[in-house]
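1. this one's structure only:
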């Protein structure tokens, strides 16, 4: 008899579609709303059939009970948990592309919506790997897969005990660490982000924790003005990753 | 006897603080959790006292009932509704600063969290005014004030019947309109955004509606890569507004 797997319920069109595309989770069954047909489901049905994943019908209410939310978009799948990477694996995997590495470190972010938005931006803007703390951080749950529009399914993400150790590992690899901080000494747009770098984004309220901040090579601010002085954490992170992407495109035309 | 006012319940530390600071809403009373003391409330108490706004104590549960949410952070205020601006007022107010105008037009955005995040970015990144459609759009509710971290209280925002008419008004004023579109012919980072411009951001799913898109002067994409091809609407808008701010700083050093 096969050993039982730990499973979780992934829900929503994008998470299920992207998890099937990424091929990193094992699928046990896919549940769809009984009356659900149409082109949004067709690609999922075809993939499920070709991989012999059982498709089952459920009422919308039963889907909501299964997913633990009404935001299921008529689909939920029982799958293995998100495949968290080892931090050492992420470093090793990128060791062959020096000069092109860009990591995202996320410190003490509590809102799964912000974590999902940052992971979505990381995937869209060419980030090599995402690192979050094991404690005091939103975790890579099905909610985060949903709020990332399925981007979580493709990203390499490690959970570490101590972000400071991760920063020191990065230093040894020749990666410069840029912490986003409203009081940072230089603007992100005036910083050279074209080499091997890591962006550190802090939590919603208190930003980057003092010890993590102290270990960053540079503290940078996003240039801004006005009476409410700070961008949302996921927008600030998105802007910083865009700036990295923009500078690399400008200095290295394809 | 004074004519009764239409009122709404603003909740959360930032919305109440920023609404007091902005001075655009009339306050009738402020409710705080009975056991709530400490430095986050002190500035609010002082302002309330100086303006003779009654402060009342309520249980957390009664606050939740009043605010219609648990996200009240121990404070809720009865105030006049958000002061929506006339579109013509916003244009007139900015007519004296040609060459420095930057508007944000938001088409068919349904999620109040995304609307709040965009308004927060608009305020931080020097936008002259925000325009949203009257129909098929999240409205400037207390939820949006909360998700904007109170930025809504300071921003000039107009609701128009037809965004196409607003774009044509802008054309007459010499303002160029840049629609954000994944299939746009040029990258936002290669577009000259230093003059009088408006950024158009579309809804979460379908982007900018076809007729609105057709009336934009340019369609621009945010440079990006990877298997999930689009940024979250509020991040995309934030990146575009940052690019406007960055280009203006670079070309016009203070």
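-> Perfect, I can see it now. Fair warning: this is a prediction, and the values are worked out from it, not measured in the lab.

2. okay, CA-based contacts and neighbour counts for the rest of this
-> Will do.

3. Tell me the buried residues in stretch A:43-58?
-> By 16 or more other Cα atoms under 10 Å in any protein chain shown, the buried positions in stretch A:43-58 come out as A:44-45, A:48, A:53, A:55, A:57-58.

4. which of the residues you listed lies closest to chain B?
-> Ranked by distance to chain B (Cα to the nearest Cα), the buried residues of stretch A:43-58 are led by residue A:44 at 16.2 Å.

5. Nearest residue to that closest one in space, please, no chain neighbours.
-> residue A:17 (6.3 Å; Cα to Cα, 6 or more residues apart in numbering or on different chains).

6. Quick check: mean pLDDT of stretch A:113-132?
-> Taken as a whole, stretch A:113-132 has an average pLDDT of 96.

7. cool, and stretch A:186-196?
-> The model assigns stretch A:186-196 a mean pLDDT of 95.

8. Would that stretch count as contacting chain B?
-> Yes. Counting by Cα under 8 Å from any Cα of the partner chain, chain B is contacted by stretch A:186-196 at residue A:189.

9. just to revisit the earlier point, okay, the residue nearest to residue A:44 and chain B: tell me how far apart.
-> 11 Å (Cα to the nearest Cα, to the nearest Å).

10. That residue touches residue A:46, doesn't it?
-> No. With contact defined as Cα atoms under 8 Å, residue A:17 does not reach residue A:46; the gap is 11.1 Å.

11. For residue A:174, give me the backbone phi and psi.
-> Dihedral pair for residue A:174: phi 80, psi 20, per degrees, to the nearest 10.

12. What of residue A:12?
-> Backbone torsions of residue A:12, given as degrees, to the nearest 10, read phi 100, psi 150.

13. What is the neighbour count of the residue nearest to it when sequence neighbours are not counted?
-> Once flanking residues are discounted, residue A:12 sits nearest to residue A:72: 4.6 Å by Cα to Cα, 6+ apart. Neighbour count of residue A:72, defined by other Cα atoms under 10 Å in any protein chain shown: 21.

14. what's the answer for residue A:15, then?
-> Using other Cα under 10 Å, the number of residues around residue A:15 comes to 26.

15. Where does pLDDT dip in chain A?
-> In the predicted model, chain A carries pLDDT under 70 at residues A:1-3, A:36-40, A:229, A:251-254.

16. Chain B contacts on chain A?
-> Within chain A, the positions near chain B by Cα under 8 Å from any Cα are A:117, A:120-121, A:123-126, A:150-151, A:154, A:189, A:223-232, A:234-235, A:238-239, A:242, A:245-246.

17. hmm, which of the residues you listed are the buried ones?
-> Among the residues of chain A next to chain B, those classed as buried by neighbour count (16+ other Cα under 10 Å) are A:117, A:120-121, A:123-126, A:150-151, A:154, A:189, A:223-225, A:228, A:230-232, A:234-235, A:238-239, A:242, A:245-246.

18. Residue A:132 falls within a strand, correct?
-> Yes. Residue state for residue A:132 (DSSP: H, G, I helix; E, B strand; the rest coil) corresponds to a strand.
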